[in-house]
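Chemist: Kindly return the folded structure for what I paste below:
(chains A and B)
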Number of protein chains: 2
Amino acid sequence: MPASHTSQEDLAARVQRALLNDCQLDPSKPLVAGVSGGPDSLSLLSLLSRLGWQVYAAHFDHHLRPESGAEAVWVAEKARKMGVPFLGGGAQVSELARAQRLSVEEAARQARYSFLFDCARQVSAQAVTVGHTASDQVETVLMHLLRGAGLSGLKGMAPLSLQEGWDRQIPLARPLLMIWREEIEQFCIENGLEPLQDASNADMAFFRNRLRHELIPILESYNPRFRPALLRTAEVLAGDWEFMESALDAAFSTLCKAQGAGYAVFDLAALRGLVPSLLRGLLRRACASLRPGLRDIDFDDIERAAKFIWQPTLTLKMNWVSGLRLFIEDDLLYLEEPGKAPLPAHWPQLAHTQIEYLEVPGQIELASGLILEAEWFQAAPADFWMCAADETWIDGANLELPLIVRSSQAGERFDPLGMAGRSQKLSDLWINAKIPHRARKLWPLVCSGERIAWLAGLRSSHAFQVGSASTEVVRLRLIRPGAG
Amino acid sequence: MPASHTSQEDLAARVQRALLNDCQLDPSKPLVAGVSGGPDSLSLLSLLSRLGWQVYAAHFDHHLRPESGAEAVWVAEKARKMGVPFLGGGAQVSELARAQRLSVEEAARQARYSFLFDCARQVSAQAVTVGHTASDQVETVLMHLLRGAGLSGLKGMAPLSLQEGWDRQIPLARPLLMIWREEIEQFCIENGLEPLQDASNADMAFFRNRLRHELIPILESYNPRFRPALLRTAEVLAGDWEFMESALDAAFSTLCKAQGAGYAVFDLAALRGLVPSLLRGLLRRACASLRPGLRDIDFDDIERAAKFIWQPTLTLKMNWVSGLRLFIEDDLLYLEEPGKAPLPAHWPQLAHTQIEYLEVPGQIELASGLILEAEWFQAAPADFWMCAADETWIDGANLELPLIVRSSQAGERFDPLGMAGRSQKLSDLWINAKIPHRARKLWPLVCSGERIAWLAGLRSSHAFQVGSASTEVVRLRLIRPGAG
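Modeler: Modelled structure (predicted):
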């Protein structure tokens, strides 16, 4: 038996220390213990009770085996004998699995933890405790290792963790994480606990059993202290992971320029300045923020996104994982569910696809609270050609009124000011002005009859150019919300 | 065969890309290739030559097997046929091992790399290249994993690394690190290379062979893609390690307040503010800076030092590893070879243990350029009792001249000013003033005959107190270098 402790210290004292130090629990507040009735969880319950913690025994019946109902009664009776209040729950897990299209293992896990955290809320518990041991930890790390994993997998399970999917405040605690299965078995014998031997280990799959009984003994033939060595490796890597996470927190909050339902926007140049390890972590985190359910995003997907950031495709777009896509616009990297990322607020957009009439003087409202305004003047100011992009001056003499505001049509052409009447395809204009496709569809064009007078905020037309002979001019302008 | 590449890309093209990208080598500059004559190194040589690199074949004869001389001739002949210049070297490695008290494996490694880097300097090569493959990488990571390791072990070998022990400028490059052994074997067959099969793999120990032929196949029965998965894990962890190293660089340069031959001094409060992972890394690095030869400092030793930093022993001292010790003084953590850390420069110390005579007026020189000065005055200034610690005023009437400057004696007592003539043990005074043992031995005492007049810079004596009746007074003071 590999011993992680050097002294002859009592098991209860080690667990008490883990509860106080590693799990940071408060002896004056209640706890919920998930109890299947197997050796680990029964020992945990017994230890918590002996150590004087206010513990509730919570048992979940997965209804996966005919004897599960009897086992629930058995656990309740064990709790009663220990003087511990019992909370029972259950579900038809195989049906849940079918309905939710999950593996039975995963459906069982979700239903069980959901019940445990319900219990915790109900009794105002400070935490849910479960009986994962050092042996489980070694198996978990080994499984990750066999599959291929980064720090987040190799660090194994944490003694204390907040699992936001279950509860935003109440953490999950694992006070037996430094205790070996052999020690638990010994404890059961010494204390006459007589646990259930094949209790609802619904998540104990064949693969894990093979690791336990076949692979780990082989690995121990290479290093008799393999198990404590791997446990320690996990502990060290957990520290490294924690540090990386805090660095990622900082990087994410600096580099993420906007975030909302279905999208996140990052500073592209700053992404390119990150060391590869941070860039990978940030991509992983960005993906998790849009797809919280997605577990274990693939290394290749991360590398594909990193490569796109470094060497974007010509289209500046890439389909990524789980229906998400990446695109680059204006030195920003967008990650979105297609269509979810908003346009930059400074780009004018029609509020809808219908034509609108713009009287002079008059106003119409665009999307995002922008106002498009037309006003009569007797003359343009001397420096009108220097006006901001949000404003233009056109000759009013030959305008068909009211003006028409509409979106562009396929193949449409336009004769921009300064091009001496040579018309240009609108599509070329969009490209030159770096206006992406998604912004073109609702970009407002101000027209006199069939002729475009102004691509709002971008270019005005040669046809309505203000000259020295102009006696009545129209000022068109975009008024931004808050700009008065 | 696990394939890390998805295309049908040619081996040579992949190696060329690794040379240019992963190893960052310049095709216009020469290279040295370490060639044992085995499949990996012979393929490397052949590939470098085909790809048009200016390569020198360097072979080291370890003289560990009777046929090694013939093998050296054979490698030279192979190189000649490829049109590659050959550099041969050798040593009686078993004798070296005995002389240096190293394992034969380690002595072979040191002698070989020392030769390869000598060759590189000789031909002005930009790098030494060696034939480590992806298979070697997997075995290396697995060995570290079995032993128990942190990121620095699990990251495996780097495609490009500077090994300061061998050369401060010329790096070691491993262009085959993404090529599997099976691919190399195939390459050898296809190109008729006929490598030596048991060539000087002096570092190919029994343990590694067992991994290769026994353990890895077992692990592949759990995941057929175990080898590429572990290779990728190493790659990801290498990125994390690199990031941690850069964070450590920053932490080290901020927290290390002084460093010299045999010692390093750190800000204790700042050490306590580090996350555990950085503190561990910093301790590891501090140890490596004093003991560059020490490989793989033990996790327990790191934890012992971390615990000392958090909860120092009463003596504020701890013997650590490899003859180093840690101690705390004045909110600083010292790591030293015993006796190597200098005292803080502001503490006065005698330059030697002999008694010195101090005339009034007069000066003597202390250690670190400090001057101890005595001068006559007719009266002390009105606020003499407020003078700096570096200065004191004593009554000159009953002084035995010249004054004597000496170190303290065991059990010595002193009647400090303000204690109304009640004498105190010097040892208590040291403790109250937080003067550690190592500073006490040469602390200068200014005495009149047998009586202590001044503990330089700390306390003066009740016996020589300046009073209103004093008509001749002596000012004793420490003059610091640069303070004029």
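Chemist: Tell me which residue is most central in chain A.
Modeler: In chain A, the residue lying closest to the centroid (Cα atoms, centre = their mean) is A:Ser289, at 1.5 Å.
Chemist: How about it, nearest residue that isn't a chain neighbour?
Modeler: The shortest distance from A:Ser289 to any non-neighbouring residue, by Cβ to Cβ, 6 or more residues apart in numbering or on different chains, is to A:Ala264 (6.1 Å). To be clear about C-beta, it is placed using only N, CA and C from the backbone, and glycine gets the same treatment.
Chemist: Now name the helix or strand holding that neighbour.
Modeler: Element membership for A:Ala264 (DSSP states H and E) is strand A:263-267.
Chemist: Assumed the residue nearest to the centre of chain A was part of a helix.
Modeler: Yes - when classified by DSSP: H, G, I helix; E, B strand; the rest coil, A:Ser289 is found to be part of a helix.
Chemist: State the distance from it to chain B.
Modeler: Separation of A:Ser289 from chain B (Cβ to the nearest Cβ, to the nearest Å): 20 Å.
Chemist: What pLDDT is listed against that residue?
Modeler: Here the pLDDT value assigned to A:Ser289 is 88.
Chemist: Name the residues linked to the residue nearest to A:Ser289 by a beta bridge.
Modeler: Assessed by DSSP bridges, A:Ala264 has beta-bridge partners A:Gln259, A:Leu335.
Chemist: low pLDDT regions in chain A?
Modeler: Along chain A, the parts satisfying pLDDT under 70 run over A:1-9, A:198-205, A:295-296, A:385-387, A:421, A:483-484.
Chemist: near chain B, which residues of it show up?
Modeler: A:145-151, A:154, A:207, A:210-211, A:215, A:218-219, A:222-223, A:225-226, A:228-230, A:232-233, A:236-237, A:239-240, A:242-244, A:246-247, A:275-278, A:280, A:299 (Cβ under 8 Å from any Cβ of the partner chain).
Chemist: Filter those residues down to the ones in helices?
Modeler: Mapping the residues of chain A next to chain B onto helices (DSSP state H) picks out A:145-147, A:151, A:154, A:207, A:210, A:218-219, A:222, A:226, A:228-230, A:232-233, A:236-237, A:239-240, A:242-244, A:246-247, A:276-278, A:280, A:299.
Chemist: Filter these down to the buried ones and hand me the PyMOL line.
Modeler: Restricted to buried positions by 16 or more other Cβ atoms under 10 Å in any protein chain shown, the PyMOL selection for these reads:
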select buried, chain A and resi 145+146+151+154+219+222+226+228+229+230+232+233+236+237+239+240+242+243+244+247+276+277+278+280+299
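Chemist: Report the separation between the residue nearest to A:Gly90 when sequence neighbours are not counted and B:Leu268.
Modeler: With Cβ to Cβ, 6+ apart as the criterion, A:Gly90 has its nearest non-adjacent residue at 3.2 Å, and that residue is A:Asp61. Per Cβ to Cβ, to the nearest Å, A:Asp61 is found 55 Å from B:Leu268.
Chemist: Between these two, which has more neighbouring residues?
Modeler: Using other Cβ atoms under 10 Å in any protein chain shown, the more surrounded residue of A:Asp61 and B:Leu268 is A:Asp61, with 23 against 19.
Chemist: Please look at that one and A:Gly88 and confirm they touch.
Modeler: Yes - the pair A:Asp61 / A:Gly88 is scored as a contact, 7.1 Å apart, by Cβ atoms under 8 Å.
Chemist: Okay, helices next: where are they in the stretch 301-450 of chain A?
Modeler: Listed in chain order, the helices of the stretch 301-450 of chain A (DSSP state H, counting those that start in this stretch) span A:426-432, A:437-440.
Chemist: how far is stretch A:473-483 from where the chain is centred?
Modeler: Centroid separation for stretch A:473-483 versus its chain: 39 Å, with Cα atoms, centre = their mean, to the nearest Å.
Chemist: again with stretch A:20-30
Modeler: Centroid separation for stretch A:20-30 versus its chain: 30 Å, with Cα atoms, centre = their mean.
Chemist: ok, and the closest non-adjacent residue to A:Arg438?
Modeler: For A:Arg438, ignoring the flanking residues on the chain, the nearest one in space by Cβ to Cβ, 6+ apart is A:Leu343 at 6.9 Å.
Chemist: Which residues are in contact with that neighbour?
Modeler: A:349, A:438-439 (Cβ atoms under 8 Å, 6 or more residues apart in numbering or on different chains).
Chemist: Which of the residues you listed has the largest number of neighbours?
Modeler: Neighbour max across the contacts of A:Leu343 (other Cβ under 10 Å) = A:Gln349, 20 neighbours.
Chemist: Hmm, it is touching A:Arg440, no?
Modeler: No - when contacts are counted by Cβ under 8 Å, A:Gln349 is not listed as touching A:Arg440 (9.9 Å).
Chemist: A:Ala288 versus the residue in the stretch 301-450 of chain A that chain B sits nearest to, what's the distance?
Modeler: Per Cβ to the nearest Cβ, the residue of the stretch 301-450 of chain A with the smallest distance to chain B is A:Ile302, at 8.8 Å. Distance of A:Ile302 to A:Ala288, given as Cβ to Cβ: 12 Å.
Chemist: who's more crowded, the two?
Modeler: A:Ile302 (22 against 13).
Chemist: What's the end-to-end length of stretch A:27-44?
Modeler: 15 Å (Cα to Cα, to the nearest Å).
Chemist: Give me the buried stretch members for it, please.
Modeler: By 16+ other Cβ under 10 Å, the buried positions in stretch A:27-44 come out as A:30-44.
Chemist: what about A:Cys188, neighbour count?
Modeler: If we define neighbours as other Cβ under 10 Å, then A:Cys188 has 18 of them.
Chemist: quick one, what contacts it?
Modeler: By Cβ under 8 Å, 6+ apart, the neighbours of A:Cys188 are A:39, A:42-43, A:194-195.
Chemist: what does A:Leu151 give?
Modeler: A:237, A:240-241, A:244, B:236-237, B:240.
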